[in-house]
Structure formats: structure tokens, C-alpha cells
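> would you be able to build a 3D model of this:
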Amino acid sequence: MGGRPNDSWRNIAITLKTPAPGSMSAKACFRPMPSRSRAVRPTMVSDTEGDAVNSAIERKTCAAADGVTIVYSTVGVGEPTLLFIHGGLANRSFWDGELNAFATRHQVIAPDLPGHGESGANRKKWGIPQFGADICSVIKTEGAKRVVLFGNSLGGPVAIEAALLLPHRVLGVVGVDTFQSLTYTMTAEDAHERAETFRADYSTSLRQMVKQLFHSDADPTLLADAERRMARTTPEVAYSLFLSLAGYDPSQSARRLSVPLRAINGDLYPTDVEGVRRIKPDFDVVIMKHMGHYPMLERPEEFDRHVAEVVRALLH
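As a prediction, the model looks like this:
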């Protein structure tokens, strides 16, 4: 079993979970369950594989403020709407299971952020605030009035930015293996180095990054599945995305957040609960034991129970 993540990993927790250039051989930072206790989720709702309820999932589009086309999946009816935001370099297929699990009780939405999945990449200005505005475009297009936002990794701060724009519609923000800290800001130099690393050799950088998101006893098919999905993102988008992270301070946005902040996190990568609460006093977190970066893929049934419990708590 690997040790605790090093400081550079702890600092980058809220962004893309990527190691600094030259540190690709660092030990794994998360501990998924062995393969006998997990099943790989379906890949994309547009694929032929998947659960029967997939036939009810709609593929829709809307326009971002800058005209970029946003593709998203939606299914089900009922409030509050649950909107799931993927992490950097990922796509909406990471939430296929939640579209299936919650459609009988809620409207469930999973968008592809611009540059990811099927959404457009013809954007001049990239960044977490821009992604937050993209989520608002989806919410407004769907006419959702009461929404709980879930965000994995980079999707966590994106959810905060969206909530700041729609405070009267959003009931709460729930991070998924993110918000371990709210005090890290990436320097321009670090962002540039990471961007150049991924642009120079995207496939190798991605493979090494994905490997570090799981412990050595993880099912190899899970790593291969995550890598395959993330390989759909282009090196050009990765480059622009990394550059856009320079100078972003999550603490400033979190301090302005007027709705509750929650998280469902793994346990190896430590969550500084008290540190986060100094910025957002109402912060609370569920820690999943022996869990990695993608709980919705690693132990989906347990993760979905936590999702349901968090939503119930936010409503009472």
C-alpha cells in the first residue's frame, strides 16, 4: 500500500489532480477497493451498452454565453434537480450511473463542459468561472428552479461559481473528492509547465496521471476505462485548461457562497476539515473509507447512498 500524498498533490487537490512536471512517478494518492468489490459503470449514455433506463435519457444542447455548444444528458422528473459536473479532462459519462440511479425521483442532468466530451471547444477564454457560467446556461435552458450541484475534482469549484450566479436556484454544492483544501492557488509558472507537459505528450501524461489516481491494487480495467474516456479530450484543450487555472483562488469564491457546502471524499487524500471551515463554516464532509478519486465508479452503490443522504439533509 502506498503512503500519503505529498504536498504538491495536496495543493493541487481542487484542480485536476495532476502531478507537477517531473513528479509522475510519485506514489498513488488514492485507494480504490480491489476488483472483487466493484463493477465498471457503463461508458456513455449514447452507447448501446448500459441499463434499461438509458433509453429514457435525452441528449440535449444549449449555447454558452460565448456561443459554444454545450451537450448534456437529462432524465427523470422531480425536485430538486441533481446536476453532476465532471472533473478536468473527463466527461459526462462519468455520471452515467447517477442518471440511472436517481431518475425515478429527480430530474438528473450531466453536462459535458466545453472542450470535453461532445461539447464545443471553440472558446477564446477558458477558466473555472467560465465553466460556472456554462452550468448556469444548462440550468436556465432546463428551467430548473431548485438544484443541488455535484462536482468531481475541478467540477467542485465550477459548482461554486455556478451557485454564485444562481443563488436563488441552487440549494447546495456537493464536492466529490474535492475541497480537501480551499487555500491553494496555482502559480502562472506551474500552470504553464503543466500545460506544456500535457501538450508535448498527452497520451503518456494522461496515462501516468490516471495511474496516480488509484492504488496499486486497483482493477486494471478501471484504470483503462478512466483513461479511455479522458483520452477523448484533446491536448489543445488540456493546454488551454491548465493555463486558465493560474491565479484562481477558490477561497474567495467559497467565502461568498451563501448555500451549504458539502463533500463526499475518499480517506487517503486528507480533507482539512477545520481549514475549510475557517473559510466556509458550514462545511461538512462524508469520508468514504479506502476510496479513491472516482467513488461513482469504484463503489457506485455506496456512493449513491451518500448522494441520497446528502440531498435529504439539504432539504431538511
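
> how about the strands in the stretch 1-150 of the chain?
58-63, 69-75, 81-85, 108-111, 147-152 (DSSP state E, counting those that start in this stretch).

> mind putting those into a markdown table with distance to Ser244?
In this view, the C-beta of every residue, glycine as well, is placed from N, C-alpha and C. Shown next, in a markdown table, are the strands of the stretch 1-150 of the chain (distance: least, CB to CB, whole Å):
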| stretch | distance to Ser244 |
| --- | --- |
| strand 58-63 | 20 |
| strand 69-75 | 17 |
| strand 81-85 | 16 |
| strand 108-111 | 18 |
| strand 147-152 | 16 |
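
> do you know how far Leu213 is from Met296?
Separation of Leu213 from Met296 (CB to CB, to the nearest Å): 13 Å.

> scratch that, Phe303
According to CB to CB, Phe303 and Met296 sit 5 Å apart.

> and the closest residue in space to Arg199 that isn't next to it in sequence, what's its pLDDT?
The shortest distance from Arg199 to any non-neighbouring residue, by CB to CB, 6 or more residues apart in numbering, is to Tyr239 (4.3 Å). Per-residue pLDDT puts Tyr239 at 97.

> list the contacts of Tyr239.
Neighbouring residues of Tyr239 by CB atoms under 8 Å, 6 or more residues apart in numbering: 195-196, 198-199.

> if we use 10 Å, what do you get?
Going by CB atoms under 10 Å, 6 or more residues apart in numbering, Tyr239 touches 126, 192, 194-200, 202.

> could I get the buried residue list for the host helix or strand of it?
In the assignment (DSSP states H and E), Tyr239 maps to helix 235-244. By 16 or more other CB atoms under 10 Å, the buried positions in helix 235-244 come out as 235, 237-244.

> quick one: Glu98 from Val285, how far?
To Val285, Glu98 is 19 Å away according to CB to CB.

> the two: who's more crowded?
Glu98 (23 against 18; other CB atoms under 10 Å).

> you'd agree the more buried one is up against His86?
No: assessed by CB atoms under 10 Å, Glu98 is found out of contact with His86, at 11.0 Å.

> and for the two, which residues touch both?
Residues touching both Glu98 and His86 (CB under 10 Å, 6+ apart): 110, 150, 296.

> who wins for most neighbours among those?
When these are compared by neighbour count (other CB under 10 Å), Phe150 ends up highest, at 28 neighbours.

> returning to what we had before: what is in contact with Leu213 and Met296 at once?
Asp177.

> re the thing from before, quick check on the contacts of Tyr239: which are buried?
Among the contacts of Tyr239, those buried by neighbour count (16+ other CB under 10 Å) are 126, 192, 194-195, 197-199, 202.

> can you give me the helices for the stretch 1-150 of the chain?
With DSSP state H, counting those that start in this stretch as the criterion, the stretch 1-150 of the chain has helices at 7-11, 96-102, 128-142.

> let me see the mean pLDDT of the first one.
The one in question is helix 7-11. Per-residue scores along helix 7-11 average to 36.

> likewise the second one?
If you average the pLDDT over helix 96-102, you get 96.

> and it, C-alpha only, in CSV?
Extracted C-alpha coordinates of helix 96-102, given in CSV (Å, rounded to 0.1, in the frame of the first residue of the first chain):
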residue,chain,number,x,y,z
ASP,A,96,-23.9,7.6,-16.2
GLY,A,97,-24.7,5.6,-13.1
GLU,A,98,-26.3,8.6,-11.3
LEU,A,99,-28.5,9.3,-14.4
ASN,A,100,-29.8,5.8,-13.9
ALA,A,101,-29.9,5.7,-10.1
PHE,A,102,-31.9,8.9,-9.4
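
> now it, how far from the centre of its chain.
Relative to the chain's own centre, helix 96-102 is displaced by 15 Å; criterion: CA atoms, centre = their mean, to the nearest Å.
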